[in-house]
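A.B. asks: predicted structure and sequence below. I'll ask about it afterward.
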Amino acid sequence: MEIFESLHAAYGPQQWWPADSNEEVVIGAILTQNTAWTNVEKAIAELKRADCLTFRAIDALDEIALAELIRSAGTFRQKATYLKAFARWLVENHDGELDAALSGELDVVRGELLALKGIGPETADAILLYAGGHPTFVVDAYAKRVLRRHYLIEPKQTRYEKVRALFMDALPHDVRLFDEYHALLVEVAKRHCKSTANCDGCPLAHFEHDGHL
DNA sequence: TGCCAGGCCGGGT
DNA sequence: ACCCGGCATGGC
């Protein structure tokens, strides 16, 4: 866990996914697909203003009206469809109770989420970790960028499940660890692994060929 | 002013 | 299995 320890020593506890409810986590997870978080915040504010920040409300809402509320998040017609699909699934199969829907065995719930339109592997893992309290590792563009930059994965070996397995096989399955680790990878990527590398002061500067996570 | 951001889907090879 | 075009807003 050398990388984790270095990042943790440098940045400390992160408190990453800001939300007032588990439902808001899921909504944010869908809205943030390939989208800057600042644009998601505007959309969430619009949903809150319309009192539509729950899946029961979204299930009852007209899809076109929903799309208009979340316009600022980009790809808003698709995301409106995805939110409606999630709401319908939740109400039909779990009486609209998110916590109950996420309370099963990790792999089982993960499979159910992946079967939904608009829920891919990263969104599923974010939901499972941050709303469901399941120990699953969230792999995003930031994590891949950091790993590539430090030669911990091959340039082409960025298939989601492979990278996820890299972490899951090497680390204890602990929610707090996975939460914190993901947040720290985002932080170091934002500071040092943008399009142009700012390696000055990067906590990982000396980890170039160390295979440990 | 074009490029990018906390992806995913559907169709093609 | 993997690759690609489309989706779309707001910030830099």
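C.D. replies: That came in fine, so what should we check first? Numbering: from 1, shown residues only, chains lettered A, B, ... in the order given.
A.B. asks: domain-wise, how is chain A divided?
C.D. replies: A:2-14+A:138-192, A:22-131 (automatic domain parsing).
A.B. asks: in terms of mean pLDDT, which of those ranks lowest?
C.D. replies: The stretch with the lowest mean pLDDT among these is domain A:2-14+A:138-192, at a mean of 92.
A.B. asks: span of that one from start to end?
C.D. replies: According to CA to CA, to the nearest Å, domain A:2-14+A:138-192 extends 18 Å from its N-terminal end residue to its C-terminal end residue.
A.B. asks: are it and DNA strand B in contact anywhere?
C.D. replies: Yes - applying CB under 7 Å from any atom of the strand, one finds domain A:2-14+A:138-192 touching DNA strand B at A:140-142, A:160, A:186, A:190. Bear in mind the C-beta positions are built from the backbone N, C-alpha and C, glycine included.
A.B. asks: for A:Asn34, helix, strand, or coil?
C.D. replies: Under DSSP: H, G, I helix; E, B strand; the rest coil, the three-state class of A:Asn34 is coil.
A.B. asks: need the contact list for the nearest residue to it once chain neighbours are set aside.
C.D. replies: Distances taken as CB to CB, 6 or more residues apart in numbering place A:Thr75 nearest to A:Asn34, at 7.2 Å, with adjacent residues excluded. Taking CB atoms under 8 Å, 6 or more residues apart in numbering, we find A:Thr75 in contact with A:33-35.
A.B. asks: now render those as JSON lines, adding distance to A:Glu105 and neighbour count.
C.D. replies: Shown next, in JSON lines, are those (distance: CB to CB, whole Å; neighbours: other CB atoms under 10 Å):
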{"residue": "A:Gln33", "distance to A:Glu105": "26", "neighbour count": "19"}
{"residue": "A:Asn34", "distance to A:Glu105": "30", "neighbour count": "8"}
{"residue": "A:Thr35", "distance to A:Glu105": "31", "neighbour count": "17"}
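A.B. asks: returning to that earlier point: turn the domains of chain A into TSV, columns for distance to DNA strand C.
C.D. replies: As requested, these are arranged in TSV below (distance: least, CB to the nearest atom of the strand, whole Å):
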stretch	distance to DNA strand C
domain A:2-14+A:138-192	5
domain A:22-131	3
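A.B. asks: could the ones you listed go into TSV alongside distance to A:Cys202?
C.D. replies: Shown next, in TSV, are these (distance: least, CB to CB, whole Å):
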stretch	distance to A:Cys202
domain A:2-14+A:138-192	4
domain A:22-131	22
